[in-house]
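> I'd like to go over a predicted model; first the sequence, then the structure.
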Amino acid sequence: MSQGEGGDTLNHRTERNTLSRQWEILRLLPSVGAGITASELVKRLTGLGFNVSKRTVERDLNELSRQFPLLCNDKSKPYGWRWMDNASFDIPNLSISDCVSLIMAEEVISPLLPPSVLRPLKPRFEYAKKHLQEANQSHPLARWTDKVAIRPPSMPLLPPVIDEQVLGIIQSALLDEKQVKVVYFGVWAKEAKTLVLHPLGLIHRGKILYLVATAFGYRDTRLYALQRISVVEQLEEKIDKPVNFSLKDYVDSGAAEFSLSDDIAFKARIHRSVINYLFETPLSDDMQVEKTESDWLGLTATVKDSWQFRWWLRSQGSCIEVIAPTTLRQTIKNEVIALANLYKVDNF
């Protein structure tokens, strides 16, 4: 091999390495929040196998910003880099089947997630819609979304507004396993409190996004609704993670349903008019229904006594009578009496 050929090979290799590195930088840039710093990009690129300096990354960022819609947050040091609003890095390579799946997924998750969480996904959804429109006449599968409708069974409540910068910093702190200082306004609180939290995970529950965290030096894990956080600052200190904590185990314990106690042996009488959907979607694996000659059937199941379960009970109205536990029966009975008193006198 001649010296010229060797030099060309080296140049090509260098160009490929630069292209690969810059590709990963574009993929690592967030779409919301204060952005990611050059130092943090160096750490993440190193974890991906790139041997790179901060100066090289800064040079890459400046070069890429001339070609892509990137934003440098220079309000405070260190500077943070991110995509401009409604922009993202994506090389679409979606099949018709992929596009159909994306459109149907959008229908399902859009009512559940806050707008700030959905925003980074919108470019993909828009591309899928455009691709299906173009293929509509030539591909039968492209018309599938005209033949299927999706509607959630629950009340279509509007999601709360979450500050995008708050969400971005929380997500960054979760990834970096760093503590955060927040200003939090509890649902029944008369004034906001400043808390130092140790982020452990995020839970989407219906319309609300919750941060799972411990506070200060306490060990008990709690849920903090993101729409109630007005100010957040990522700290340099690492989180103090509870021993053997698992987000999956935490969710499986019933915490996301605001569990009131451990499992209970639930017994009830339920009217035949509403039993069919329980046969199709049981309350639990061990649910049993005792058929009778009357319009009422006996039901037993092991369930978690939670706010979610009690909301379901209330939604059944006069079609269900709680038999056990007796404490739960008394609670429902008291609520029914209070409800009847509200309607006893017509003041309108």
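It's in.

> quick one, helices of the stretch 51-200 of the chain?
Counting by DSSP state H, counting those that start in this stretch, the stretch 51-200 of the chain has these helices, from start to end: 54-65, 96-109, 115-118, 122-135, 164-176.

> including distance to residue 217, mean pLDDT and mean neighbour count, could those helices go into JSON lines?
(Glycine included, C-beta is placed from N, CA and C.) Formatted as JSON lines, the helices of the stretch 51-200 of the chain follow (distance: least, Cβ to Cβ, whole Å; pLDDT from 0 to 100; neighbours: other Cβ atoms under 10 Å):
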{"stretch": "helix 54-65", "distance to residue 217": "34", "mean pLDDT": "91", "mean neighbour count": "15"}
{"stretch": "helix 96-109", "distance to residue 217": "37", "mean pLDDT": "82", "mean neighbour count": "16"}
{"stretch": "helix 115-118", "distance to residue 217": "30", "mean pLDDT": "70", "mean neighbour count": "18"}
{"stretch": "helix 122-135", "distance to residue 217": "40", "mean pLDDT": "79", "mean neighbour count": "16"}
{"stretch": "helix 164-176", "distance to residue 217": "18", "mean pLDDT": "86", "mean neighbour count": "20"}
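
> what would these look like in CSV with distance to residue 42?
Conversion of those to CSV gives the following (distance: least, Cβ to Cβ, whole Å):
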stretch, distance to residue 42
helix 54-65, 5
helix 96-109, 33
helix 115-118, 28
helix 122-135, 27
helix 164-176, 14
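
> among those, which is nearest residue 211?
Put simply, out of those the one that sits nearest residue 211 is helix 164-176, at 6.0 Å, with distance taken as Cβ to Cβ.

> what comes into contact with the closest one?
Residues from elsewhere that reach helix 164-176, judged by Cβ atoms under 8 Å, 6 or more residues apart in numbering: 30, 32-34, 36, 40, 82, 114, 116-117, 119, 178-180, 199-202, 209, 211, 226, 229-234.

> then stretch 43-61?
For stretch 43-61, the surrounding residues in contact (Cβ under 8 Å, 6+ apart) are 17-18, 20-22, 24-25, 28, 38-39, 41-42, 70, 72, 81.

> check stretch 227-244 too.
Here stretch 227-244 makes contact (Cβ under 8 Å, 6+ apart) with 114, 160-163, 165-166, 169-170, 172-173, 176-187, 192, 196, 198-200, 208-209, 211, 214, 217, 219, 221.

> export it as CSV, just CAs?
Once side chains and other backbone atoms are set aside, the C-alpha atoms of stretch 227-244 remain, and they are given as CSV (Å, rounded to 0.1, in the frame of the first residue of the first chain):
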residue,chain,number,x,y,z
GLN,A,227,-47.9,19.6,38.2
ARG,A,228,-47.5,20.7,41.8
ILE,A,229,-43.8,21.4,41.4
SER,A,230,-43.2,25.0,40.5
VAL,A,231,-39.4,25.3,40.8
VAL,A,232,-36.8,22.6,40.6
GLU,A,233,-33.0,22.6,40.8
GLN,A,234,-30.7,19.6,40.2
LEU,A,235,-28.1,19.3,42.9
GLU,A,236,-24.6,17.8,42.7
GLU,A,237,-25.2,15.2,45.5
LYS,A,238,-26.1,11.6,44.5
ILE,A,239,-29.4,10.2,45.6
ASP,A,240,-29.5,7.9,48.7
LYS,A,241,-31.4,5.0,47.2
PRO,A,242,-33.3,2.7,49.6
VAL,A,243,-31.8,-0.8,49.8
ASN,A,244,-33.3,-3.2,47.2
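
> by mean pLDDT, flag the weakest helix or strand of this protein.
Among the helical and strand segments of the chain, the one scoring lowest on mean pLDDT, DSSP states H and E is helix 3-28, with a mean of 66.

> just the buried subset of the contacts of helix 164-176, please.
Judged by neighbour count, with 16 or more other Cβ atoms under 10 Å as the criterion, the buried members of these are 30, 32-34, 36, 40, 82, 114, 116-117, 119, 178-180, 199-202, 209, 211, 226, 229, 232, 234.

> and stretch 185-202, how far apart are its ends?
With Cα to Cα, to the nearest Å as the measure, the first residue of stretch 185-202 is 18 Å from its last.

> how far out from the middle of the chain is that stretch?
Here the centre of stretch 185-202 is set off from its chain's centre by 18 Å, with Cα atoms, centre = their mean, to the nearest Å.

> stretch 49-59 too?
Once both centres are worked out by Cα atoms, centre = their mean, stretch 49-59 turns out to sit 32 Å from its chain's centre.

> stretch 319-328 now?
34 Å.

> only C-alpha atoms, please: export it in CSV.
As requested, C-alpha coordinates have been extracted for stretch 319-328 and formatted as CSV (Å, rounded to 0.1, in the frame of the first residue of the first chain):
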residue,chain,number,x,y,z
CYS,A,319,-75.8,-2.6,41.8
ILE,A,320,-73.3,-3.9,44.4
GLU,A,321,-73.6,-4.5,48.2
VAL,A,322,-70.4,-4.9,50.2
ILE,A,323,-70.6,-7.8,52.7
ALA,A,324,-67.0,-8.0,53.9
PRO,A,325,-64.7,-6.7,55.3
THR,A,326,-67.1,-5.2,57.8
THR,A,327,-65.1,-2.0,58.1
LEU,A,328,-65.3,-1.5,54.4
